[in-house]
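Participant: Below is the sequence, then the predicted model.
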Amino acid sequence: MSTPQRILVIGGGAAGFFAAITCAEKPDTQVFLYEATPHLLSKVKISGGGRCNVTHACFEPEQLVKNYPRGGRELLGAFHRFQPRDTLAWFNTRGVETKTEEDGRMFPTSDNSESIVNALNDAAQKNRVKILVQHGVKTIQYLNEKFEVELNSGEMELFDKVIIATGGNKSSGGLAIAESFGHTIISPVPSLFTFHIQDNRLVDLAGLSVEKVKVHANGTKLTTEGPLLLTHWGMSGPAILKLSAWGAREFAESNYQFSIEINWVPELSQTALSKKLNEIRIAEARKQIATFSPLPIPQRLWERLLIAAEINPTTPWAHINNQQLDKLYKQLTQAEFTVTGKSMFKEEFVTCGGVKLSEINFKTMESRKQPGLFFAGEVLDIDGVTGGFNFQSAWTTGWLAGQAAGDCP
Ligand SMILES: Cc1cc2nc3c(=O)[nH]c(=O)nc-3n(C[C@H](O)[C@H](O)[C@H](O)COP(=O)(O)OP(=O)(O)OC[C@H]3O[C@@H](n4cnc5c(N)ncnc54)[C@H](O)[C@@H]3O)c2cc1C
């Protein structure tokens, strides 16, 4: 009988567990999983507001990759091998039923992240993964065909292969280890955040939402669409979060001081909107303009946009001149707002940045700098928009790394 390969997975998060289990399912492997803190799967536990948005109901790799501001190109091949359908099958086989919400987000039917946590823990146990908490890895050197791993405690241990799944946190240690093997680190900055905006048009409107807006970041090529939520401090909702993800690096460089332009009625073309406003002016000639919102935006927001267009809300439609109508049109389709800062989105946040992707073989997740060294999860320069895409990349890269590391030699 051959001696099993000793494989170390660093990091007890989604990617680390998936890598460790996949690897341990292979013959002739002895898998260790070291977690620096006393807690395993802590992000999985709190994710999706305690429900764990485990993946997204998007089963075409070509479509799926469009949800990754960083990593989409590299993940295409990887998703052809392990995609949301495989994630669901993986959890279903291990007793976790899932459901899809209207917007495509998928959760365990229990609405409790513990279902996911338990399935991962059980699978790790069943496959005899040796899990050790409070085992932070400090440094790694490759000497005499072995990885010499130094723990924070000062202990040294030897392994045949190592999978780094230490997450996106700058201080995690994984990035420094990657750097010590010659990897380039794209400096991490936050992604998925909400915008701070102080503007008279928004005062006291917190809680209002608009079903579909188009948001453009001025001075960039970035435009997103989707629901928008007005908050006490500014704006949130899918359209804003998506923009924060795609512009994560540009916005960090501007120190989160930039301006955006909002089209509150993107479903109406320029001609259709002008026609509609003109028609209402005739049909509702005697009614005060603020009486009701003729467009799919909340009444109170409609009133604020009128004031911003210098239209007295009590003015009858018939008295609105073309110049005023033009100003209103501008407020409806190109309303400019100044962003002065950001807040993290409490439901989900990730980092943009990490180990440079061209230095990784995406068929195996193996380092191109050091054979036998693998990477999975957010430690890589991969991040998705909100909706289950971040876990999906952790499952996929973890699975690929586990498969490849578990193969001999
Ligand atoms: C509040 C919140 C909610 C979220 N909700 C969702 C969601 O619903 N859906 C979704 O798709 N995404 C969600 N995300 C994003 C998702 O959680 C992450 O993208 C995903 O957890 C990344 O997994 P990972 O295994 O790469 O890293 P992590 O989960 O960060 O795990 C890395 C682990 O490595 C350990 N570690 C670090 N350094 C060392 C070291 N030197 N030695 C040993 N161990 C080390 C860390 O302590 C940590 O436990 C959420 C994120 C947050 C913060």
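Facilitator: Structure's in. What do you need?
Participant: Please make it C-alpha for all contacts and neighbour counts, starting now.
Facilitator: Will do.
Participant: Now do the strand or helix carrying residue 336: which elements does it pack against?
Facilitator: Under the criterion of DSSP states H and E, residue 336 resides in strand 335-339. Helices and strands touching strand 335-339, by 3 or more Cα pairs under 8 Å, 6 or more residues apart in numbering; DSSP states H and E, are strand 258-263.
Participant: Just the buried residues of the strand it packs on, please?
Facilitator: 258, 260, 261, 262, 263 (16 or more other Cα atoms under 10 Å).
Participant: Quick check, the first one in contact with residue 342.
Facilitator: No: with contacts defined as Cα atoms under 8 Å, residue 258 does not count as touching residue 342, sitting 11.0 Å away.
Participant: still on that earlier bit, name the residues that touch the strand holding residue 336?
Facilitator: Outside of strand 335-339, the residues within contact range by Cα atoms under 8 Å, 6 or more residues apart in numbering are 195-199, 256-263.
Participant: Would you tell me whether the helix or strand following it gets close to the ligand?
Facilitator: Note on strand 335-339: by DSSP H and E, the next helix or strand toward the C-terminus is strand 341-344. No: counting by Cα under 6 Å from any ligand atom, the ligand is not contacted by strand 341-344; separation bottoms out at 9.2 Å.
Participant: Assign a three-state SS to the residue in the stretch 201-350 of the chain that the ligand sits nearest to, would you?
Facilitator: The ligand sits closest to residue 348 of the stretch 201-350 of the chain, with a gap of 3.5 Å, by Cα to the nearest ligand atom. Each residue gets one of three states, and residue 348 gets coil by DSSP: H, G, I helix; E, B strand; the rest coil.
Participant: Start the count at 45 instead of 1 going forward.
Facilitator: Will do, 45 is the new start, and the previous item becomes residue 392.
Participant: what's near enough to touch the nearest residue to residue 108 once chain neighbours are set aside?
Facilitator: Using Cα to Cα, 6 or more residues apart in numbering and skipping residues adjacent in sequence, the residue nearest residue 108 is residue 102, 5.9 Å away. The contact partners of residue 102, by Cα under 8 Å, 6+ apart, come to 108, 128, 148.
Participant: Please check those residues and keep the buried ones.
Facilitator: Judged by 16+ other Cα under 10 Å, buried ones among the contacts of residue 102: 108, 128.
Participant: From the contacts of residue 102, pick the one nearest the ligand.
Facilitator: For the contacts of residue 102, the nearest to the ligand is residue 128 (11.2 Å; Cα to the nearest ligand atom).
Participant: The closest one contacts residue 99, correct?
Facilitator: Yes: with contact defined as Cα under 8 Å, residue 128 counts as touching residue 99 (6.2 Å).
Participant: any common contacting residues for these two?
Facilitator: residue 436.
Participant: Which secondary structure state does the residue nearest to residue 266 when sequence neighbours are not counted sit in?
Facilitator: Leaving aside its sequence neighbours, residue 266 sits nearest to residue 260 (Cα to Cα, 6+ apart; 5.8 Å). Three-state call for residue 260 (three-state DSSP): strand.
Participant: Kindly report the same for residue 175.
Facilitator: Quick answer, by three-state DSSP: residue 175 is strand.
Participant: Which secondary structure elements does the biggest helix by length in the chain sit against?
Facilitator: Under DSSP state H, the helix in the chain containing the largest number of residues is helix 433-450. Contact here means 3+ Cα pairs under 8 Å, 6+ apart; on that basis helix 433-450 packs against helix 58-68, strand 99-100, helix 116-125, helix 128-137, strand 205-208, strand 417-419.
Participant: could I get those as JSON lines with mean pLDDT?
Facilitator: Output for these, formatted as JSON lines (pLDDT from 0 to 100):
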{"stretch": "helix 58-68", "mean pLDDT": "98"}
{"stretch": "strand 99-100", "mean pLDDT": "98"}
{"stretch": "helix 116-125", "mean pLDDT": "98"}
{"stretch": "helix 128-137", "mean pLDDT": "98"}
{"stretch": "strand 205-208", "mean pLDDT": "98"}
{"stretch": "strand 417-419", "mean pLDDT": "98"}
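Participant: out of these, nearest to the ligand?
Facilitator: That would be helix 58-68 among those, by Cα to the nearest ligand atom, at 3.8 Å.
Participant: And the contacts of that closest one?
Facilitator: 53-55, 73-77, 85, 88, 164, 167-168, 171-173, 207-210, 420-421, 435, 438-439, 441-450.
Participant: what angle sits between the host helix or strand of residue 160 and helix 58-68?
Facilitator: Assigned by DSSP H and E, residue 160 falls within helix 158-170. If you take axes from the mean of the first three to the mean of the last three Cα atoms, to 10 degrees, helix 158-170 sits at 30 degrees to helix 58-68.
Participant: Can you tell me what sits against helix 158-170?
Facilitator: 61-62, 64-65, 68, 85, 88-89, 96, 135, 138-140, 152.
Participant: what's residue 142 in contact with, if anything?
Facilitator: Contacts of residue 142 by Cα under 8 Å, 6+ apart are 132, 136, 150, 151, 152, 153.
Participant: same question, residue 384
Facilitator: Contacts of residue 384 (Cα under 8 Å, 6+ apart): 239, 240, 241, 242, 300, 301, 302.
Participant: who does the last one bridge with?
Facilitator: Beta-bridge pairing of residue 302 under DSSP bridges involves residue 383.
Participant: Could you list the low-confidence segments of the chain?
Facilitator: 45 (pLDDT under 70).
Participant: For residue 72, grab phi and psi.
Facilitator: Dihedral pair for residue 72: phi 60, psi 40, per degrees, to the nearest 10.
Participant: Excluding sequence neighbours, find me the nearest residue to it.
Facilitator: According to Cα to Cα, 6+ apart, the nearest residue to residue 72 is residue 48 (4.3 Å).
Participant: what's the neighbour count on that neighbour?
Facilitator: 14 (other Cα atoms under 10 Å).
Participant: just residue 358 next, same as before
Facilitator: Residue 358: 11 neighbours (other Cα under 10 Å).
Participant: The residue nearest to it when sequence neighbours are not counted and residue 377, how far apart?
Facilitator: Take residue 358 and drop its neighbours on the chain: the residue closest to it by Cα to Cα, 6+ apart is residue 332, 5.0 Å away. Distance, residue 332 to residue 377, by Cα to Cα, to the nearest Å: 22 Å.
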